[in-house]
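Asker: Got a sequence here, can you build the structure:
(chains A and B)
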Number of protein chains: 2
Amino acid sequence: MNRWPLPEPMVLALAEAGKAVAAGEVPIGAVIVKDGSVIAAAHNAPRGLCDPTAHAEMLVIRAAAQALGSERLDGCELWVTLEPCAMCAGAIVHARIARVYYAAADAKGGAVEHGARVFEQEQCLHRPEVYSGMGEAEASALLKGFFQRLR
Amino acid sequence: MNRWPLPEPMVLALAEAGKAVAAGEVPIGAVIVKDGSVIAAAHNAPRGLCDPTAHAEMLVIRAAAQALGSERLDGCELWVTLEPCAMCAGAIVHARIARVYYAAADAKGGAVEHGARVFEQEQCLHRPEVYSGMGEAEASALLKGFFQRLR
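Answerer: Now for the predicted structure:
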């Protein structure tokens, strides 16, 4: 039996997560796509960059805004290997990301379907479409492997 | 009658907000203090930096982490002129900021005493002490003036 192939942006986001492992960072990767083209890719790097805000989603949003020359990422898709936290969900709103695809849910730190549920707040200015689960097993395996090696 | 003087870090945060006005940005300013010394100061700059994540709090947290050479800002205070949004509240948690002082509340975008109430979530890993209201009138006047001139 063959596993149904993952969409290309999620394959790329998982590859970014793999690069994070090699850099000693928690393996989370993200990609931004517009009109079928990859605009930016990044992995989690708070240690390497000495920046507590340097989650994969933040870095990829900032890179895409620079690449497109606009602080609004209208029509863009964000593909990420883990459910965004409150910080990243807030950034997704500010950037006006159209669609968010995340692989694994994160009951501890996630703020989309857990905790602060940022997009569900009445005051939320912009609600992206959200899809989850594609690549969940692959994303979780990377994270589990990373934390097991740390023990 | 004289108004009770504001604490020096809030005076500095308001001065940063004033610089934002001059730069055509929504006037919000922030300062990080550790052991009584100012480590970093910043104002809101998403337009100027072409970066949807460039809120005053994010910029000042990133600058302080660079200045201190640590992604954790243990023992630091964040002084900001407006109630932090979900993105900034999340960053405050990641940075382990000890105390947050904000001037004006923000019913539309705030996520401390409004909306996502990030620090009140059961899953929240780190809860700063939070104080609000000092400099509220000054911070609100800056914002009202800015938005009135835009109309």
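Asker: So is the helix or strand bottoming out on mean pLDDT in chain A next to chain B?
Answerer: When each helix and strand of chain A is scored by mean pLDDT, DSSP states H and E, helix A:136-150 comes last, with a mean of 94. No. Helix A:136-150 does not reach chain B (Cβ under 8 Å from any Cβ of the partner chain); its nearest approach is 15.4 Å. C-betas here are computed from N, CA, C, even on glycine.
Asker: and that helix, how far out from the chain's middle?
Answerer: Centroid displacement of helix A:136-150 relative to its chain, using Cα atoms, centre = their mean, to the nearest Å, is 16 Å.
Asker: and if you look at stretch A:17-37?
Answerer: Worked out by Cα atoms, centre = their mean, stretch A:17-37 lies 8 Å from the chain centre.
Asker: gap between the two ends of it?
Answerer: In stretch A:17-37, first residue to last residue: 19 Å (Cα to Cα, to the nearest Å).
Asker: for stretch A:73-93, same thing?
Answerer: Length of stretch A:73-93, first residue to last, Cα to Cα: 10 Å.
Asker: Stretch A:23-31 too?
Answerer: Using Cα to Cα, the two ends of stretch A:23-31 sit 18 Å apart.
Asker: contacting residues around that stretch?
Answerer: With contacts defined as Cβ atoms under 8 Å, 6 or more residues apart in numbering or on different chains, stretch A:23-31 is touched by A:9, A:12-21, A:38, A:40-48, A:55-57, A:59-60, A:78-82, A:139, A:142-143, A:146.
Asker: Okay, buried residues for it please.
Answerer: Within stretch A:23-31, the residues that count as buried by 16 or more other Cβ atoms under 10 Å in any protein chain shown are A:25-31.
Asker: follow-up on the earlier one: just the ones of the contacts of stretch A:23-31 in strands?
Answerer: A:38, A:40-43, A:78-82 (DSSP state E).
Asker: Find the residue closest to the residue nearest the centre of chain A in space, skipping its chain neighbours.
Answerer: Nearest residue to the geometric centre of chain A (Cα atoms, centre = their mean): residue A:80, 2.8 Å. Leaving aside its sequence neighbours, residue A:80 sits nearest to residue A:30 (Cβ to Cβ, 6 or more residues apart in numbering or on different chains; 4.1 Å).
Asker: Name the SS class of the one you found, please.
Answerer: strand (DSSP: H, G, I helix; E, B strand; the rest coil).
Asker: How far does stretch A:107-122 stretch from one end to the other?
Answerer: 22 Å.
Asker: Point out where chain A drops to low pLDDT.
Answerer: For chain A, the stretches with pLDDT under 70 are A:1-3.
Asker: Helices of that one, start to end?
Answerer: A:8-22, A:46-49, A:56-68, A:86-95, A:136-150 (DSSP state H).
Asker: Ok, which of these comes nearest residue A:105?
Answerer: For residue A:105, the closest of the helices of chain A is helix A:136-150, at 7.6 Å, according to Cβ to Cβ.
Asker: Remind me what that closest one packs against, helices and strands.
Answerer: Applying 3 or more Cβ pairs under 8 Å, 6 or more residues apart in numbering or on different chains; DSSP states H and E, one finds that helix A:136-150 contacts helix A:8-22, strand A:76-82, strand A:99-104.
Asker: for the closest residue to residue A:121 other than its chain neighbours, phi and psi?
Answerer: Closest residue to residue A:121 apart from its sequence neighbours, by Cβ to Cβ, 6+ apart: residue B:115 at 4.3 Å. Here is the backbone geometry of residue B:115 (degrees, to the nearest 10): phi 50, psi -120.
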